[in-house]
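Colleague: Need the 3D shape of this:
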Amino acid sequence: MIKAIIFDFDYTLSNRGYAIYDGFAYIVNKYFNDYDEMEKEAVIQRMVYLDEEGTISRRHIIDYLVNNYHLDNDSLSNDFATLSEIMAPKTVLDEYAIEVLEYLRHNTDYKLAILTNGDIKTQRMKLEVSGVLPYVDEAIVAIESGYKKPAREAFEYAAKKLNLKCEECLYVGDVMFNDILGAYKAHMQYLLLNNHRKRIYNPKIPTINHLNELIDYINHDQD
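Modeller: This next block holds a predicted model:
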């Protein structure tokens, strides 16, 4: 029986796309002054593609810019080191996030939590700016457990913070490797949000296409 719903944050409760676009536009506008708007947009979109939704290090984006545009490595590395703090205040929630959280808080008995990867300072800032904290019982940056998703220990840590077993938790996330595989390894129930990418997945994996479909999913599960 599900007693808690644990959410990923980036690209699940939030639409990270807005912040990452603004962050990369800051870089491009600084280093590509002689480019016109269409050329700048092409570089921004290439960076967004290489970012892989924030699931890997940005070092390869720096290497790409240095190797292809002959930019200064040290200067660019310094700017990328502060990029997360520049982007954090620009955090924008998914269009359905508050609707879903309010429904769950006021119409169900589920405990609610967030388990997110990333560095503690930046993720805490994003959570605060977003306004989601009043809706959840726990907001956990995975590294606080000593592990990162998809390590099962991170999911076990989240369940323990809720005083529940992993089997009593449903994890909702958008990344197959970090979110769904991690929850699976921890023996949590899981639900894949195929929201901003529209990828093809094994049909056996429980999937929703928009966050507000979670409400029908849990109500059907209770029937």
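Colleague: how about low-confidence regions in the chain?
Modeller: Across the chain, the stretches falling below the confidence threshold (pLDDT under 70) are 196-197, 221-223.
Colleague: Quick one: the strands in it, in order.
Modeller: Listed in chain order, the strands found in the chain under DSSP state E are 4-7, 111-116, 138-141, 169-173, 189-193, 207-208.
Colleague: contacting residues around stretch 93-110?
Modeller: 2-5, 12-15, 112, 130-132, 135-136, 195, 210-212, 214-215, 218 (C-beta atoms under 8 Å, 6 or more residues apart in numbering). Every residue, glycine included, has its C-beta placed from N, CA and C.
Colleague: Could you give me the PyMOL selection string for whichever of those are buried?
Modeller: A single PyMOL command selects the buried members of the contacts of stretch 93-110 (16 or more other C-beta atoms under 10 Å):
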select buried, resi 2+3+4+5+12+13+14+15+112+130+132+135+136+195+211+212+214+215+218
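Colleague: circling back to that earlier point, how about the strands of the chain, which one is nearest K161?
Modeller: strand 138-141 (4.8 Å; C-beta to C-beta).
Colleague: starting at the chain centroid, how far to the closest one?
Modeller: 13 Å (C-alpha atoms, centre = their mean, to the nearest Å).
Colleague: How about residues contacting that strand?
Modeller: Strand 138-141 is contacted from outside by 111, 113-120, 123-124, 127, 132-133, 157-158, 161-162, using C-beta under 8 Å, 6+ apart.
Colleague: could you flag which of these are buried?
Modeller: Buried among the contacts of strand 138-141 (16+ other C-beta under 10 Å): 111, 113-118, 123-124, 127, 132, 157-158, 161-162.
Colleague: returning to what we had before: which of the contacts of strand 138-141 fall within helices?
Modeller: Judged by DSSP state H, helices contain the following of the contacts of strand 138-141: 120, 123-124, 127, 157-158, 161.
Colleague: could you dump the residues you listed to CSV with distance to N33?
Modeller: Converted to CSV, these look like this (distance: C-beta to C-beta, whole Å):
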residue, distance to N33
I120, 35
Q123, 32
R124, 34
L127, 35
Y157, 46
A158, 45
K161, 48
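Colleague: ok, so of the residues you listed, who is nearest I62?
Modeller: For the ones in helices among the contacts of strand 138-141, the nearest to I62 is Q123 (21.5 Å; C-beta to C-beta).
Colleague: Please tell me how far the residue nearest to the closest one when sequence neighbours are not counted sits from N33.
Modeller: Among residues not flanking Q123 along the chain, V141 sits closest, at 4.6 Å (C-beta to C-beta, 6 or more residues apart in numbering). As defined by C-beta to C-beta, to the nearest Å, V141 lies at a distance of 37 Å from N33.
Colleague: When these two are compared, which one has more neighbours?
Modeller: Higher neighbour count among V141 and N33: V141, with 22 against 8, using other C-beta atoms under 10 Å.
Colleague: how close does the more buried one sit to F155?
Modeller: For V141 relative to F155 (C-beta to C-beta), the value is 13 Å.
Colleague: Ok, D79 next?
Modeller: 34 Å.
Colleague: likewise V136?
Modeller: For V136, the distance to F155 - C-beta to C-beta - is 16 Å.
Colleague: Can you name the residues in contact with stretch 183-200?
Modeller: Contact with stretch 183-200 is made by 2, 6, 8, 11-12, 15, 17, 53, 94, 150, 152, 155-156, 159, 166-167, 169-174, 176, 179-180, 201, 205-211, 214, 217, as judged by C-beta under 8 Å, 6+ apart.
Colleague: Which members of the residues you listed are positioned in helices?
Modeller: Going by DSSP H, the helices hold 17, 152, 155-156, 159, 214, 217 from those.
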